[in-house]
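A.B. asks: The following block contains a protein sequence and its predicted model.
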2 protein chains.
Amino acid sequence: MPKKVLENHDSSVETVLKFTRQAIVDGRFAPDTKLIPRQIASECGVSFIPVREALRVLVSEGFVTFFHNRGAWVTPLSIADLEDLYAIRIELETEAVRRASPLSEADIERLTSFLDSADRASARGDRKRVLALNRDFHFFIYEKTQSPRRLRLIEQMWQHAERYQRLSLNYRHDAADEEHRDIITALAEDDSRGAARAMRTHLETTVDLIRTAFTAAPLAQSQKLNVPSQQKVTKS
Amino acid sequence: MPKKVLENHDSSVETVLKFTRQAIVDGRFAPDTKLIPRQIASECGVSFIPVREALRVLVSEGFVTFFHNRGAWVTPLSIADLEDLYAIRIELETEAVRRASPLSEADIERLTSFLDSADRASARGDRKRVLALNRDFHFFIYEKTQSPRRLRLIEQMWQHAERYQRLSLNYRHDAADEEHRDIITALAEDDSRGAARAMRTHLETTVDLIRTAFTAAPLAQSQKLNVPSQQKVTKS
DNA sequence: GCTAAAAATGTTGTAACCAACTAAGGGACA
DNA sequence: TGTCCCTTAGTTGGTTACAACATTTTTAGC
């Protein structure tokens, strides 16, 4: 009943969307648990109709699954999905590197600076900054491909991947850094195939570690609360 | 006010979703035109709240663009997007063929039967059936990869591609048939790389033709009605 | 004509309400 | 004691009505 002020840049739906997606990605809304629209609505300070709109979008993005007349549930994680996800990431991202090449001298320097900053952040234990710089490094390359569709797909895949990545808690900075520098080296030599190969190695190493973590702690990611009988799923 | 019967498999939102998406894909809702929620609501026999939910989903799928306080518009087409789209299709679908191989003898026969049926349908001028069989042929292969995420992405890309395909009206059955049989031949010999290469050729030939059609009739696909000033776009 | 105010139109979000379905609890009966 | 069915309560999916703004169009004055 109180009205919103003008200059409202984020619509209600977007507020809810960002809030809920982030909560799912960083595990606050655990896999296989039920999402309660009214609760989300009150947490975001909106009525529950925008919440339903946001949940629909999350269904189409794959973060949420609707069971007819049984509400919205956080999509579960699985080894099979992890493999599937990374197989697609590898295709899209290796090809993105290939298309990004050749890069200018300035671009190479920029990429190097991301890694140097990450080194310093890692030395002082600033994990959050390291992760942000990791993202910056990758997307700086991907954006060079000038391919909006590919970029959008990669962004979505990254968000899904984050759900798995947080299971292997310790980010392996030193190894990742070395793999990143291999990518830069190839890019600096305009060796697009070599860069793509280095990217593939990097992603394959990553998924190996996540797979191990996931297999070791099979219950950490899914507490199986009130799992509904599987039927009448709304897919998209 | 009149209630729906039981056994309602499709929810209101899904009804609207399918209706609107199909209308956009086959050009009844033209690129760059405004979508009027009330009109869609009355056409689908629902109120306009499920319509808004459906439009949100279409935004996230890329078929619709929201302008803040200015409503929902059909996403325009462009050469750049066509190239982008097909580049991604080629990656996802060539890799899908590669992963589908090896196929069983029975699978190969099934694929051949699709093409033979399409030949007969083409001979009697049944264009709709030819297109359906084309889809069956491709997706029979893609489904063999057992990769739900990839399949879902390919399905979405196909729907976007259909928007462009209808611009080159005459489906080139004979040429496509030959390319399809090249794919089968390679698959029958368990030559996954050859099959992937044949698929790439097939898709590249297709996009070449669409590009020509699109360039030749640049106004056919976009009548630029009431184009709003570009700002404050809701992206997803 | 041109500009500015006012009305119409459309979008966004809220609230209250109803019907249908699910799931849980309880009693009858073997 | 255990199984099955029926009732009941709670949740979900959907509708209408309405309030607050933004944009667009019309109207009116200069």
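C.D. replies: Everything's here; your move.

A.B. asks: hmm, the host helix or strand of A:Ile24 touching DNA strand D?
C.D. replies: According to DSSP states H and E, A:Ile24 maps onto helix A:12-25. No - with CB under 7 Å from any atom of the strand as the measure, helix A:12-25 is seen stopping short of DNA strand D, the closest distance being 12.0 Å. C-beta: built from backbone N, CA, C; applies to glycine.

A.B. asks: right, and the helix or strand after that helix?
C.D. replies: Next along from helix A:12-25, by DSSP H and E: strand A:34-35.

A.B. asks: any idea how far that next one is from the chain center?
C.D. replies: Centre-to-centre, strand A:34-35 and its host chain are 21 Å apart (CA atoms, centre = their mean, to the nearest Å).

A.B. asks: for stretch A:142-152, same thing?
C.D. replies: 16 Å.

A.B. asks: what comes into contact with that stretch?
C.D. replies: A:92-93, A:95-97, A:99-100, A:103, A:107, A:139, A:154, B:62, B:81, B:84-85, B:87-88, B:236 (CB atoms under 8 Å, 6 or more residues apart in numbering or on different chains).

A.B. asks: pLDDT weak spots in chain A?
C.D. replies: Low-confidence segments of chain A, defined by pLDDT under 70, are located at A:1-9, A:169, A:217-236.

A.B. asks: what about the strands in it?
C.D. replies: Under the criterion DSSP state E, strands of chain A are mapped to A:34-35, A:64-67, A:71-74, A:233-234.

A.B. asks: Let me have the ones you listed in JSON lines, adding mean neighbour count and distance to A:Thr212 as columns.
C.D. replies: Shown next, in JSON lines, are these (neighbours: other CB atoms under 10 Å in any protein chain shown; distance: least, CB to CB, whole Å):
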{"stretch": "strand A:34-35", "mean neighbour count": "18", "distance to A:Thr212": "30"}
{"stretch": "strand A:64-67", "mean neighbour count": "20", "distance to A:Thr212": "27"}
{"stretch": "strand A:71-74", "mean neighbour count": "21", "distance to A:Thr212": "23"}
{"stretch": "strand A:233-234", "mean neighbour count": "15", "distance to A:Thr212": "30"}
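
A.B. asks: okay if I get these as a markdown table plus distance to chain B?
C.D. replies: As requested, the strands of chain A are arranged in a markdown table below (distance: least, CB to the nearest CB, whole Å):
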| stretch | distance to chain B |
| --- | --- |
| strand A:34-35 | 15 |
| strand A:64-67 | 9 |
| strand A:71-74 | 12 |
| strand A:233-234 | 7 |
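
A.B. asks: before we move on, back to that, is the helix holding A:Ile24 up against DNA strand C anywhere?
C.D. replies: Yes - counting by CB under 7 Å from any atom of the strand, DNA strand C has neighbours in helix A:12-25: A:12-13.

A.B. asks: Could you name the helices and strands sitting against that helix?
C.D. replies: The helices and strands touching helix A:12-25, judged by 3 or more CB pairs under 8 Å, 6 or more residues apart in numbering or on different chains; DSSP states H and E, are helix A:37-44, helix A:48-61, helix A:148-165.

A.B. asks: Pick the most deeply packed of these.
C.D. replies: Mean neighbour count (mean count of other CB atoms under 10 Å in any protein chain shown) peaks for helix A:48-61 among the helices and strands packed on helix A:12-25, with a mean of 23.

A.B. asks: Hey, what's the angle from it to helix B:48-61? Just curious.
C.D. replies: Per axes from the mean of the first three to the mean of the last three CA atoms, to 10 degrees, the angle that helix A:48-61 makes with helix B:48-61 is 40 degrees.

A.B. asks: hmm, back to that, and the strands of chain A: which comes nearest DNA strand C?
C.D. replies: Among these, the nearest to DNA strand C by CB to the nearest atom of the strand is strand A:64-67 (7.3 Å).

A.B. asks: partners of the closest one, with directions?
C.D. replies: Using DSSP bridges, the strands paired with strand A:64-67 are strand A:71-74 (antiparallel), strand A:233-234 (antiparallel).

A.B. asks: Return the distance of it from the chain's centre.
C.D. replies: On CA atoms, centre = their mean, the centre of strand A:64-67 falls 19 Å from that of its chain.

A.B. asks: With only the CA atoms kept, save that strand in CSV.
C.D. replies: Provided in CSV are the C-alpha atoms of strand A:64-67 (Å, rounded to 0.1, in the frame of the first residue of the first chain):
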residue,chain,number,x,y,z
VAL,A,64,14.2,-23.9,-10.0
THR,A,65,11.9,-26.7,-10.8
PHE,A,66,8.1,-26.4,-10.6
PHE,A,67,5.9,-29.3,-9.5
